[in-house]
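1. give the three-dimensional model of this entry:
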Amino acid sequence: MKVLKITQIILIGLLLTNCSSTKQYSSPNKEISENLQPNYKNSKWVETMGTIIESSETPDGNFAYTISYEIIPFVNMDGELNNGPLIQHIFGLDKKVIEGQKLKLHYLKEEPMCYELLEDIKFVK
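-> Numbers count the residues shown, from 1 in each chain. Presented below is the predicted three-dimensional model:
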């Protein structure tokens, strides 16, 4: 249980660090960007689809899921090009998420790790 809470704290810290330390790649892949959102250049948000690729119960009796989503390529704080997809792990839910569902979301163009779901998640009954 302690390991899980420490892991959650570390993941949150990494997420916050990455959210403030990314910059937009100067020449994004045109095919990827057109599939994400036609007017992404005029918005701070980029809309895309995410897929729940895993859902599981954690040792503390809560649930977690993993979501994957395509991004416009960007250069991370280490100067490395990230073409995606981005994969994030979310912990601390009280219900199990249905795997395989596709959800509309948007992420910050300048901080691709920061996203918001635009559709409700479906849970196992």
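2. mind jotting down where the strands sit in the chain?
-> Counting by DSSP state E, the chain has strands at residues 23-24, 45-57, 63-69, 74-75, 81-82, 86-93, 102-108, 111-117.
3. Lys122: neighbour count?
-> 12 (other CB atoms under 10 Å). Just so you know, the C-beta spots here come from the backbone N, C-alpha and C atoms, and that holds for glycine as well.
4. list the contacts for Tyr115?
-> Going by CB atoms under 8 Å, 6 or more residues apart in numbering, Tyr115 touches Gly50, Tyr69, Gln88, Leu105, His106, Tyr107, Leu108.
5. which of those count as buried?
-> Gly50, Tyr69, Leu105, His106, Tyr107, Leu108 (16 or more other CB atoms under 10 Å).
6. from those, pick the one nearest Phe63.
-> Distance ranking of the buried ones among the contacts of Tyr115 against Phe63, using CB to CB, places Gly50 first at 17.2 Å.
7. you'd agree that closest one is up against Leu105?
-> Yes - applying CB atoms under 8 Å, one finds Gly50 in contact with Leu105, separated by 4.8 Å.
8. what about Met49, distance to His106?
-> In this view, Met49 and His106 are 10 Å apart by CB to CB, to the nearest Å.
9. so where is the protein shaky, pLDDT-wise?
-> For the chain, applying pLDDT under 70 flags the ranges 1-42.
10. same thing but 80
-> 1-42, 76 (pLDDT under 80).
11. how about Gln101, what does it touch?
-> Thr51, Ile52, Ile121, Lys122.
12. the nearest residue to Lys95 once chain neighbours are set aside: neighbour count?
-> Nearest in space to Lys95, with sequence neighbours left out and distances taken as CB to CB, 6 or more residues apart in numbering, is Phe123 at 4.1 Å. Using other CB under 10 Å, Phe123 has 15 neighbouring residues.
13. quick thing: my sequence starts at 184, can you match it?
-> Noted, 184 is the first residue going forward, which turns the last one into Phe306.
14. can I assume Phe306 is in contact with Ile281?
-> Yes - Phe306 is in contact with Ile281 according to CB under 8 Å; the separation is 6.6 Å.
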